[in-house]
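Engineer: Based on what follows, work out the 3D shape:
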Amino acid sequence: MTISNRTSLTCGQNVETHKIASSKGHALTLATLCMAVLIVQLDTTVVNLVMSPIGQYFHAAISSLQWVVDGYNLVYTAFLLTSGLLADLLGRRKIFMAGAGLLTLASVACAWSPNVFVLVVARMVAGFSAALILPASLALIRVIWQNDKERATALGIWAGCNGLALAIGPTLGGLLAVYLGWRSVFLMTVPLGVATVVTAALYVPESSDPGDRSFDVRGQLLGAVALGALAFAAIESYRHPVLSAIGGVVSVLSLGLFLRVEGKLRLAALVPLDLFRMRPFVAVMITTASMTFGMYGVLFLLPLAWQQSGIMNTAQAGIALMPMALVFVVVSSFSGTLAQRLGAKIMGGGVAVIGSGLVTIAVTAGFHHLVGVEIGLALTGVGMGLATGPLMGAAVEAVPAARSGSASALINVARMVGATLGVAILGAVFAVINEGGSQGLRVALLLGGGLQLAAAALSLRTCHGANQ
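Structural biologist: Okay, the predicted model is just below:
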């Protein structure tokens, strides 16, 4: 059978087929896409473990450490929607390879940063790279695997790399930091990044869908400014209250202008505002953001608190987080089955379990009752496993089929907005109360846990109302 080098697909899509003509080609293509996702998630999970050694090395304040984490989150969130369109217009493999190459360079820059400022800038570049990689890799899977069953399998393996990174990232990062120094944590993904670029050039076909679309430049800029100014206001609130207040005003004004611009553009908008008139979709967005608010907050604060108090070193902190990650992976494997039986209630139940876990950690103070902390972490892992997958599915089901792509993208944005604000707000609470001691951790996690429980109540109420 002869296969042409380029085949025209539906909806104006073009994709090379000569690189995936065999099952081996499919396997190598999927391995390449999954390797990139693994790199991105490792880059996200391991950095929390080395906040304490980075702070000690640079004599950095907690707010500076927050920027190391949130600089990445902010840029990733701001460009997540636009990067998907960029991949469709210019070529998905091209954008995927650019992201992988840029992330590799950013990792090297992080490893050799001479000061915190350079480290934060390098992390921002890494966040931009991640925004290029993930939407492009997901789009490539949807285009390359035309058979529904094969596509589902490929997506399952792709998604499983997220769980794998969460399971091995903290432990691996902690061990590297103890024995080779904190810079090695950023260097560990460099060989994988180089391999990703090479194998993508060899085995990943190019595809594009130019269509009749254009960039929403004003929406992109205003959205980025609104989110960045809000994060600045939260992180710098206790060190620079006047600048923080200005940041808050800038955020509100930018958000107002953003809503005005997007409302005029309608279907051509970066964010289709009509989706926010659908109450179930809004509830899912709020629940998702609340979930990651608490989850990323505890992943940032707990290892930092353990190490600053002298209870654990970096490697021990990574090992202590492993039970939560393993529970998450196990529960995620059957959350879809539970969702089919229990319906959307599993989302609210899962977030409630996360809230219970954070409250449990807070009650045990985080320092002197490690058994209680591990129980709280296990509960958090169970809740994450129950809620993460069903929330993604519920977002798509809450909107018309024609808007499923927008809903999927927006739920990822909500996830990262919650993560950004969780690190910013809970980190600020931790820093300002008792100078980041046990009391600061307790109050921060109680706040995070309380938000989870409130979001769970909203989700359950919305689901109940929808079923009436």
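Engineer: Let's verify the residue nearest in space to the middle of the chain: helix, strand, or coil?
Structural biologist: Closest to where the C-alpha atoms of the chain average out (Cα atoms, centre = their mean) is residue 416, at 5.0 Å. Counting by DSSP: H, G, I helix; E, B strand; the rest coil, the backbone at residue 416 sits in helix.
Engineer: Give the burial count for the closest residue to it other than its chain neighbours, as a bare number.
Structural biologist: Nearest non-adjacent residue to residue 416, counting by Cβ to Cβ, 6 or more residues apart in numbering: residue 77, 3.9 Å away. The C-beta positions use only the backbone N, C-alpha and C, and glycine is treated the same way. Around residue 77 there are 26 other residues, counting by other Cβ atoms under 10 Å.
Engineer: before we move on, what about the one 10 residues further on?
Structural biologist: Number of residues near residue 87 (other Cβ under 10 Å) recorded here: 27.
Engineer: got it, and the one 5 residues further on?
Structural biologist: Residues near residue 92, counting by other Cβ under 10 Å, number 30.
Engineer: ok, it touching residue 140?
Structural biologist: Yes. Residue 92 lies in contact with residue 140 (Cβ atoms under 8 Å); the separation is 5.0 Å.
Engineer: who touches both of those two?
Structural biologist: The contact sets of residue 92 and residue 140 overlap at residue 207 (Cβ atoms under 8 Å, 6 or more residues apart in numbering).
Engineer: Might one say that residue 33 is in contact with residue 143?
Structural biologist: No. If you go by Cβ under 8 Å, residue 33 and residue 143 don't touch, sitting 11.4 Å apart.
Engineer: who has more neighbours, those two?
Structural biologist: For residue 33 versus residue 143, neighbours defined as other Cβ under 10 Å are more numerous around residue 33 (27 against 20).
Engineer: For residue 391, see how far away the closest residue to residue 424 other than its chain neighbours is.
Structural biologist: The shortest distance from residue 424 to any non-neighbouring residue, by Cβ to Cβ, 6+ apart, is to residue 234 (3.8 Å). Distance of residue 234 to residue 391, computed by Cβ to Cβ, to the nearest Å: 24 Å.
Engineer: Figure out how far the helix or strand residue 324 falls within is from the centre of its chain.
Structural biologist: Following DSSP states H and E, one finds residue 324 within helix 314-342. Relative to its parent chain, helix 314-342 has a centroid offset of 16 Å by Cα atoms, centre = their mean, to the nearest Å.
Engineer: what bits of the stretch 351-468 of the chain have low per-residue confidence?
Structural biologist: In the predicted model, the stretch 351-468 of the chain carries pLDDT under 70 at residues 365-369, 401-405, 434-437, 463-468.
Engineer: For it, which segments count as helices?
Structural biologist: Secondary structure of the stretch 351-468 of the chain by DSSP state H, counting those that start in this stretch: the helices cover 370-397, 404-421, 427-432, 438-466.
Engineer: Check the stretch 1-150 of the chain too.
Structural biologist: Using DSSP H, counting those that start in this stretch, helices in the stretch 1-150 of the chain cover 23-45, 51-58, 62-90, 92-111, 116-144, 148-180.
Engineer: ok, of these, where does mean pLDDT dip lowest?
Structural biologist: Among the helices of the stretch 1-150 of the chain, helix 148-180 carries the lowest mean pLDDT, a mean of 81.
Engineer: Check which residues of the very next helix or strand once past that helix are buried.
Structural biologist: Later in the chain than helix 148-180, the nearest helix or strand by DSSP H and E is helix 183-187. Within helix 183-187, the residues scored as buried using 16 or more other Cβ atoms under 10 Å are 183, 184, 185, 186, 187.
Engineer: any idea how far helix 183-187 is from the chain center?
Structural biologist: Remark: helix 183-187 is offset 20 Å from the chain centroid, using Cα atoms, centre = their mean.
Engineer: neighbouring contacts of that helix?
Structural biologist: Contacts of helix 183-187 (Cβ under 8 Å, 6+ apart): 43, 46-47, 49-50, 107-108, 110-112, 173, 176-177.
Engineer: Just list the residues touching residue 293, thanks.
Structural biologist: When contacts are counted by Cβ under 8 Å, 6+ apart, residue 293 touches 418, 419, 421, 422, 425, 426, 448, 451, 452.
Engineer: Distance of the second one relative to residue 442?
Structural biologist: This points to residue 419. Separation of residue 419 from residue 442 (Cβ to Cβ): 21 Å.
Engineer: Then residue 272?
Structural biologist: Residue 272 is 41 Å from residue 442, by Cβ to Cβ.
Engineer: Residue 46 and residue 168 touch, don't they?
Structural biologist: No. The criterion here is Cβ under 8 Å, and residue 46 misses it with residue 168 at 9.4 Å.
Engineer: Neighbour count for these two, which is higher?
Structural biologist: A side-by-side neighbour count of residue 46 and residue 168, using other Cβ under 10 Å, places residue 46 first with 25 against 18.
Engineer: Kindly provide the distance from the residue lying closest to that one once chain neighbours are set aside to residue 105.
Structural biologist: Ranked by Cβ to Cβ, 6+ apart and with sequence neighbours excluded, the top spatial neighbour of residue 46 is residue 173, at 3.1 Å. As judged by Cβ to Cβ, residue 173 and residue 105 stand 20 Å apart.
Engineer: Residue 336 too?
Structural biologist: With Cβ to Cβ as the criterion, residue 336 and residue 105 are 37 Å apart.
Engineer: swap in residue 243?
Structural biologist: In terms of Cβ to Cβ, residue 243 sits 31 Å off from residue 105.
Engineer: contacting residues around residue 290?
Structural biologist: Applying Cβ under 8 Å, 6+ apart to residue 290 gives the contacts 351, 418, 451, 452, 454, 455.
Engineer: top of these by neighbour count?
Structural biologist: residue 351 (31 neighbours).
Engineer: Test my guess that that one contacts residue 287.
Structural biologist: Yes. The pair residue 351 / residue 287 is scored as a contact, 5.8 Å apart, by Cβ under 8 Å.
Engineer: Report the set of residues contacting both of these two.
Structural biologist: With Cβ under 8 Å, 6+ apart as the test, residue 351 and residue 287 both reach 387, 455, 456, 459.
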